[in-house]
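Chemist: Just need the structure, nothing else, for what follows:
(2 chains, ligands or ions: 1)
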Amino acid sequence: MSLITYREALSAALWEEMERDERVFLVGEDIGLGGGAFYITKGFQQHFGRDRVVDAPLSEAGFTGAAIGAALAGMRPVVEYQFADFVTEAFKMIVDFAAGNHYRRMGPVPIVLRLPSAALVSGGPYHSVNPESWFFGTPGLKIVAPATAYDAKGMLKQAIRDDNPVIFMEYKKFYNYRPADLPPQLQIDVPEGDYTVPFGQARTLREGEDLTLLTFGTSVLEALEAAQVLEREGVSAEVIDLRTLVPMDKEAILRSVKKTGKLLILHEARKRGGVGGEIAALIAEEVFEHLDAPIRRVGAPDCPVPLSPPLEKAYLPGTAQVVGALRELAAF
Amino acid sequence: MRAKIQNAASEPVRSEELAGLDFFRDLADRYLSIEGLEARWVPIQREDLRPGKPDALRLHHLLSLTRAVEETLDSAFRSGHVPGTAFFSRGNEAAGVGSASCLREEEWLVPMHRNCGAHLAKGHPPVSIMAHFFGRAGGPSEGRDGNFHMGYRPKKITQLISHIGTMVPIAAGIAWAAKLQRNGQAVLTYIGDGGTSSGDFHEAMNFAAVRKFPLAVVIDNNQYAYKTPLSDQYACPALALRASGYGVPGFLIDGTDVLLVREVVSRALERARRGGGPTLIESVTMRLGGHSVYDRFTDYVDMEKFKLWQEKRDPIKRFDQYLIEYEVLTPEEIAASHARARREAEEARDTALKLPFPDPAKVAEGVFAE
Ligand SMILES: Cc1ncc(C[n+]2csc(CCOP(=O)(O)OP(=O)(O)O)c2C)c(N)n1
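Modeler: The predicted structure follows:
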């Protein structure tokens, strides 16, 4: 087993893809000389040179647009945003141009947008965003959310080889995690060398009979913890990590809900306008007759992400909250 | 008014000369003034900038308080009292203090994330700054945000969002309101060398220039944007030259000289108040530390250059030396001023640390005005 960190997995994917395909290049703030704010590309510029590991000026709209142009003209750019929050600067380039180009019959835009996402302790309102719902309603963008080092490497490679624009959410909180630090279900070996993780395939982290707990991203940790608590209380929860939001593994979701009859959707992002609402509607439309209880959602409250520790703790959906919701569901 | 620097009519500078510009060497005793398409060097007569004693004491207090507040915050960070991270302005203090001390009480300051000196000069009390950094209920954002992402309404200081560049249009808008209200006020804002690459900066400069909003924009060029050096940030010899493209006056000055910063910014604000429109001032400093408390900056900073600036262009050491050399204050008075600043910062810290944390039950409150 080569149990590398999530960060090492991302670095390995970038490195190997750059070795494999000379069209791949990297652009972002501070990624060259300094190796990036989170050191994902440390040492890359020395090896691949200044043309393939580009320290961009502070201009997300400019360098994202330029990378999209390069992608159109045959390159495979990977763009790093220092924090996912700053992708708003480049919104128009992604949502209005890249996403629709193929539909408008002018060919695909093979670009990967790496978004370091979700809360890091006391990141505050502008360094903790879960950006998925900003993009979720836009056709033409794939959105992935790897929670393990295995997925991080395999999905980043898949994203680089995909012909479409991919919103690649990666989780700052996980960068330093080794699989051994994680619950057994997440201790997934990262093979050396080449492999990809296809999009649109959820992973069942834990089989269960009584209810389904559907989640992704950083919330997999709370989900597994909560499921364990419930198990001690005699409730068997099935935990599913979605892994890809677009395309979404509808089959896996429907199958599990048909089996258990009860569904809790958990994500770190705010409940309002979140991905959970779309999934709930999907279930209501397609398998309503299989439900034994109302669908529950756990997400953040309807306010910006606060910085002060007691506020942040109250904001982020924690294990206790998930356990409470699961108990109510089980008792329904 | 202290409009004392002579506009000694030197020849326009040739572009070849500017191509080899070295901020340390070339800004030693002159500054560059840009008007229309022409740039001219203007010599600085330091004697002309000599402040009176009460003025000197006030400026010195603000400078030493800036450093003392930040050093106190730095050690508070290391003892675990600062959630999140912290940006400091070591090396840039004179730029913040010298510029913001030109604002009138009723005028707005739109600071950025490395402007502790500007906050203090505009009257933001150290205890409020500390409470903010400590995530306490008594801070200006009541614990919703931290670091220098704060404002202070009683003194007309806006808060900022992390997104760099975004505050320049906001500042232009405040100046727009001043113009519409004909209140004779000017607005002061800042942007880093990195931030000048953002579209928001260009859009705001252009709009403000077209409509002649009363605005002064100080480019705090501290030679690195996080880990990105100037050579990867822009390709013109000096950012101040962009003033020509916007059709506004520009200045390139040594931002470690508090008296010079004050002189140039006060002229820009006066011009704005009189209806002359915006001015772009590039104030060159060196960030004498990491980007944030977490940053391992020795990995990527040119340490030879760093040491040179640290030795010769530390704005506080410089001001101390000036005041002694021009016999404005005695060494004893200067030492007493430093000691007083330290005491004040430590008292503010102790008071702020006694404030309560916000009530978690209120996390989702206050999103809308009632
Ligand atoms: C739009 C945007 N992109 C990226 C960042 C991340 N970031 C924070 S500070 C910084 C560098 C800023 O450099 P500069 O404008 O020169 O100001 P300095 O910190 O050097 O004073 C970067 C890239 C940000 N805050 N906003």
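Chemist: Only C-alpha atoms from now on, for both contacts and neighbour counts.
Modeler: Fine.
Chemist: got any ranges where chain B has weak pLDDT?
Modeler: Across chain B, the ranges flagged by pLDDT under 70 are B:1-9.
Chemist: Could you pull up the residues touching the spatially closest residue to B:Ile161 that is not a sequence neighbour?
Modeler: Excluding the flanking residues, the one nearest B:Ile161 by CA to CA, 6 or more residues apart in numbering or on different chains is B:His149, at 6.3 Å. Contacts for B:His149 (CA atoms under 8 Å, 6 or more residues apart in numbering or on different chains) come out as B:112-113, B:159-162.
Chemist: same check, this time on B:Lys122
Modeler: Taking CA under 8 Å, 6+ apart, we find B:Lys122 in contact with B:100-101, B:103, B:105, B:109, B:155, B:157.
Chemist: The same query, at a cut-off of 7 Å, please.
Modeler: B:Lys122 sits next to B:100-101, B:155 when contact means CA atoms under 7 Å, 6 or more residues apart in numbering or on different chains.
Chemist: Could you report the distance from the residue nearest to B:Ile161 to B:Thr279?
Modeler: 25 Å (CA to CA, to the nearest Å).
Chemist: A:Ala252 now?
Modeler: Plainly put, A:Ala252 is 61 Å away from B:Thr279 if you go by CA to CA.
Chemist: okay, now the residue of the stretch 201-350 of chain B found nearest chain A: neighbour count?
Modeler: Nearest residue of the stretch 201-350 of chain B to chain A, counting by CA to the nearest CA: B:Gln233, 4.7 Å away. Close neighbours of B:Gln233, defined as other CA atoms under 10 Å in any protein chain shown, add up to 22.
Chemist: still on that earlier bit, what about A:Ala252 and B:Thr279, which has more around it?
Modeler: B:Thr279 (31 against 17).
Chemist: Who does the more buried one form a beta bridge with?
Modeler: Residues in a beta bridge with B:Thr279, per DSSP bridges, are B:Ala216.
Chemist: Show me which residues of the stretch 101-250 of chain A sit near chain B.
Modeler: By the rule CA under 7 Å from any CA of the partner chain, the part of the stretch 101-250 of chain A lying against chain B is A:121-126.
Chemist: Could you list everything A:Val53 pairs with in the sheet?
Modeler: A:Leu26.
Chemist: how much space between it and the ligand?
Modeler: Noted for A:Val53: a distance of 16 Å to the ligand, by CA to the nearest ligand atom, to the nearest Å.
Chemist: what about that residue, distance to A:Pro77?
Modeler: Taking CA to CA, one finds A:Val53 at 10 Å from A:Pro77.
Chemist: tell me, what's touching these two both at once?
Modeler: Overlap of the contact sets of A:Val53 and A:Pro77 (by CA under 7 Å, 6+ apart) consists of A:25-26.
Chemist: Stretch A:310-322: how far from the chain's middle?
Modeler: Relative to its parent chain, stretch A:310-322 has a centroid offset of 20 Å by CA atoms, centre = their mean, to the nearest Å.
Chemist: Just give the nearest non-adjacent residue to the residue in the stretch 201-350 of chain B that the ligand sits nearest to, would you?
Modeler: The ligand sits closest to B:Ala225 of the stretch 201-350 of chain B, with a gap of 3.3 Å, by CA to the nearest ligand atom. With sequence-adjacent residues excluded and distances taken as CA to CA, 6+ apart, B:Ala225 is closest to B:Gly194, at 4.9 Å.
Chemist: Check the contact between the one you found and A:Ser59; I expect there is one.
Modeler: No - here B:Gly194 lies out of contact with A:Ser59, judged by CA atoms under 7 Å, at a distance of 8.5 Å.
Chemist: More neighbours: which of the two?
Modeler: Neighbours per residue, other CA under 10 Å: of B:Gly194 and A:Ser59, the larger number sits with B:Gly194, 28 against 24.
Chemist: Would you state the strands of the stretch 201-350 of chain B in chain order?
Modeler: Listed in chain order, the strands of the stretch 201-350 of chain B (DSSP state E, counting those that start in this stretch) span B:215-221, B:224-225, B:228-229, B:250-254, B:279-284.
Chemist: Which among the contacts of B:His149 count as buried?
Modeler: Buried members of these, scored by 16 or more other CA atoms under 10 Å in any protein chain shown, are B:112-113, B:159-162.
Chemist: ok, the residues you listed vs A:Gln82, which is closest?
Modeler: B:Ser162 (11.7 Å; CA to CA).
Chemist: In terms of helix, strand or coil, where does the closest residue to that closest one other than its chain neighbours fall?
Modeler: Nearest residue to B:Ser162, sequence neighbours excluded (CA to CA, 6+ apart): A:Tyr126, at 5.9 Å. Following DSSP: H, G, I helix; E, B strand; the rest coil, we place A:Tyr126 in the coil state.
Chemist: And for the one 3 residues further on?
Modeler: Here A:Val129 is coil, with the state taken from three-state DSSP.
Chemist: just checking, it touches A:Leu120?
Modeler: No - using CA under 7 Å, A:Val129 is not in contact with A:Leu120; the gap is 9.7 Å.
Chemist: Mind checking which of the two has more residues around it?
Modeler: Higher neighbour count among A:Val129 and A:Leu120: A:Val129, with 24 against 15, using other CA under 10 Å.
Chemist: ok, now which ones touch the more buried one?
Modeler: Listed by CA under 7 Å, 6+ apart, the contact partners of A:Val129 are A:84-85, A:117-119.
Chemist: Nearest to B:Gly91, out of the residues you listed: which one, please.
Modeler: Among the contacts of A:Val129, A:Asp85 lies closest to B:Gly91 (CA to CA), at 28.7 Å.
Chemist: Verify the stated contact: the closest one with A:Gly124.
Modeler: No - proximity of A:Asp85 to A:Gly124 does not meet the contact threshold set by CA under 7 Å, at 10.8 Å.
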